[in-house]
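**Q** structure for the following, please:
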Amino acid sequence: MKTIFKIFLLTLTSFNSFSQEIKIPELNWGTRVIANDESIVVSGISFKNNRTEKFASLICYDLELNKIWQLTLDSKQTNSVDTITFWENKIIISGTEGKEDNQSVKKTRFIKIISSDGKNLAEINIGNSTSKSTDFIIQKNTLFLGYKKSSSINYGDMMKTSMNTIVEVNLTNLKYKIYEHYLNRSTPEFIFASNKNIFICGEQFKNDDYNVTQTFFQNIKNTKPIDNLLPADKMESLGSGITTKNGFILVSSSNIYEKKAYEYLRIDALNFKGKLRETKIIPFKELGWLDRTPDFLNIENKLWFRVKKEDKKTYLVQLNSSGKEISAREFKGDRRGILTMNSESIIHLWDKEETVRLKKYNR
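**A** Model prediction:
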């Protein structure tokens with residue numbers, strides 16, 4: 001009986017540590033990865049002509065990491081994919097295409113709908129874009145996406161004319177509306193939806209002090225939006241944003257810029273109207289984190305982090321909305337790259353020396 005039990009434990013240990021890894025020779029740089037319980041979709045870039053041209057591709061794999069199909073986007077001087085999501089039995093992507101040099105950038109943002117077998121079904125071009133996008137929000141047949149745009153193509157003038165932007169797309173007929181708001185020296189990071197309200201959230205440098213950032217949270221559909229700036233007196237890096245049954249949760253890490261010292265997590269709870277209800281500060285020491293630079297992982301509308309604990313091992317840690325640890329799993333993979341999950345696996349995409357790798361771990 002003891003022998004059978006030992007065999008069972010060995011088998012279980014082997015199963016839990018099981019992983020698969022492949023190289024992706026078609027790509028030099030991985031940009032996004034998503035997974036469900038049927039497939040894994042990777043986006044990335046291949047370089048040509050001494051890196052002066054960048055071409056984006058989507059590659060779909062089954063859950064055993066066998067390649068199913070590849071879609072290379074139309075050739076431009078440079079194009080890339082910022083975000084991907086599954087929708088019904090399709091895939092939706094957004095990215096930019098155009099030209100850039102040392103002084104200017106002229107890129108437009110696209111949204112494409114891709115079939116489950118890798119065919120381009122439909123696309124729209126929504127105009128100028130000067131930043132990476134947020135993730136998608138989809139409510140029934142309506143899609144929302146946040147990004148930044150500018151009326152200028154010159155780097156020196158972009159800051160003066162940049163607008164925080166959300167596009168609302170009807171996925172049935174691909175008609176769209178664009179909502180814009182100017183907020184000086186700001187960058188959108190997340191969008192949130194609540195009933196008919198759409199909020200855009202990100203970071204802004206405070207006044208003329210580039211050592212202090214504050215978080216903005218705005219209802220962009222309001223014709224006269226009010227800047228909702230969360231209090232800040234240090235450099236704090238916004239890393240995660242989720243929706244709960246009571247409102248929205250934003251999580252930042254502190255950074256005393258001059259000393260490069262990280263101290264704590266800051267958790268801001270807002271109601272569904274976007275008003276701050278509570279702020280909680282949790283020192284890393286209380287969390288048992290040795291690592292001063294936790295990686296924020298925006299997965300499944302949950303608060304996941306990749307962090308080194310006091311035993312000097314790296315873990316994937318999940319916290320609840322109050323900052324209490326729910327689960328922790330040791331992670332032995334490379335600290336670089338992007339992580340996502342499906343119901344059974346952790347999917348890791350990263351690149352080193354222009355070689356892209358994809359790895360799957362049991363969850």
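
**Q** how about the helix or strand where residue 54 lies: buried residues?
**A** Assessed by DSSP states H and E, residue 54 sits inside strand 53-61. Going by neighbour count (16 or more other C-beta atoms under 10 Å), the buried part of strand 53-61 is 53-61. In short, each C-beta sits where N, CA and C put it, glycine included.

**Q** please apply the same query to stretch 126-140.
**A** So, applying 16+ other C-beta under 10 Å, buried residues of stretch 126-140: 126, 128-138.

**Q** got these as JSON lines, with pLDDT, distance to residue 36 and secondary structure columns?
**A** Below are the buried residues of stretch 126-140 laid out as JSON lines (pLDDT from 0 to 100; distance: C-beta to C-beta, whole Å; DSSP: H, G, I helix; E, B strand; the rest coil):
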{"residue": "126", "pLDDT": "92", "distance to residue 36": "26", "secondary structure": "strand"}
{"residue": "128", "pLDDT": "85", "distance to residue 36": "32", "secondary structure": "strand"}
{"residue": "129", "pLDDT": "84", "distance to residue 36": "27", "secondary structure": "coil"}
{"residue": "130", "pLDDT": "76", "distance to residue 36": "31", "secondary structure": "coil"}
{"residue": "131", "pLDDT": "77", "distance to residue 36": "28", "secondary structure": "coil"}
{"residue": "132", "pLDDT": "83", "distance to residue 36": "23", "secondary structure": "coil"}
{"residue": "133", "pLDDT": "91", "distance to residue 36": "21", "secondary structure": "coil"}
{"residue": "134", "pLDDT": "92", "distance to residue 36": "20", "secondary structure": "coil"}
{"residue": "135", "pLDDT": "94", "distance to residue 36": "15", "secondary structure": "coil"}
{"residue": "136", "pLDDT": "95", "distance to residue 36": "15", "secondary structure": "coil"}
{"residue": "137", "pLDDT": "94", "distance to residue 36": "17", "secondary structure": "strand"}
{"residue": "138", "pLDDT": "94", "distance to residue 36": "14", "secondary structure": "strand"}
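
**Q** tell me the one among those nearest to residue 273.
**A** residue 137 (17.3 Å; C-beta to C-beta).

**Q** quick one: low-confidence parts of the protein?
**A** Scanning the chain for pLDDT under 70 picks out 1-18, 75-77, 101-105, 151-161, 208-211, 223-229, 231-233, 255-262.

**Q** all helices for it, in order.
**A** Using DSSP state H, the helices of the chain run over residues 2-16, 155-161, 284-287.

**Q** so what's residue 34 bridging to?
**A** On the basis of DSSP bridges, residue 34 is bridged to residue 41.

**Q** what number of residues lie near it?
**A** 21 (other C-beta atoms under 10 Å).

**Q** quick one, what contacts it?
**A** 40-41, 84-86, 340 (C-beta atoms under 8 Å, 6 or more residues apart in numbering).

**Q** list just the nearest of the buried residues of strand 53-61 to residue 47.
**A** If you rank the buried residues of strand 53-61 by distance to residue 47 using C-beta to C-beta, residue 54 comes first, at 5.9 Å.

**Q** if we can go back for a sec, quick check: the farthest pair among the buried residues of strand 53-61?
**A** Between any two of the buried residues of strand 53-61 (C-beta to C-beta), the greatest distance is 25.7 Å, for 53 and 61.

**Q** quick one on the thing from earlier: which among the contacts of residue 34 gets closest to residue 96?
**A** residue 84 (14.1 Å).

**Q** the closest one contacts residue 95, correct?
**A** No: the criterion here is C-beta atoms under 8 Å, and residue 84 misses it with residue 95 at 9.2 Å.

**Q** between these two, which contacts overlap?
**A** The contact lists of residue 84 and residue 95 share residue 43, where a contact means C-beta under 8 Å, 6+ apart.

**Q** thinking again about what came up before, who's in contact with the strand holding residue 54?
**A** Against strand 53-61 from outside (C-beta under 8 Å, 6+ apart): 24, 26-27, 31, 39-48, 67-73, 75-81, 84, 91, 93, 95, 114, 118, 358.

**Q** if you set the cut-off to 7 Å instead, what comes out?
**A** 24, 26-27, 39-48, 67-73, 75, 77-81, 93, 95, 114, 118 (C-beta atoms under 7 Å, 6 or more residues apart in numbering).

**Q** can you tell me which of those residues are buried?
**A** Taking 16+ other C-beta under 10 Å as the criterion, what is buried in those is 24, 27, 39-46, 69, 71, 73, 77-81, 93, 95, 114.

**Q** who's in contact with stretch 125-145?
**A** Against stretch 125-145 from outside (C-beta under 7 Å, 6+ apart): 82-83, 85, 87, 92, 94, 96, 105, 107-111, 146-150, 158, 162, 166-172, 176, 178, 187-191, 193, 198.

**Q** strands - which of these land there?
**A** Residues from those lying in strands, with DSSP state E as the criterion: 82-83, 85, 87, 92, 94, 96, 105, 107-111, 146-150, 162, 166-170, 176, 178, 187-191, 193, 198.

**Q** just the buried members of the residues you listed?
**A** 82-83, 85, 92, 94, 96, 105, 107, 109-111, 146-150, 162, 166-169, 176, 187-191, 193, 198.

**Q** for the buried residues of stretch 126-140, which one is nearest residue 288?
**A** Distances from residue 288 to those, taken by C-beta to C-beta, are shortest for residue 135, at 29.3 Å.
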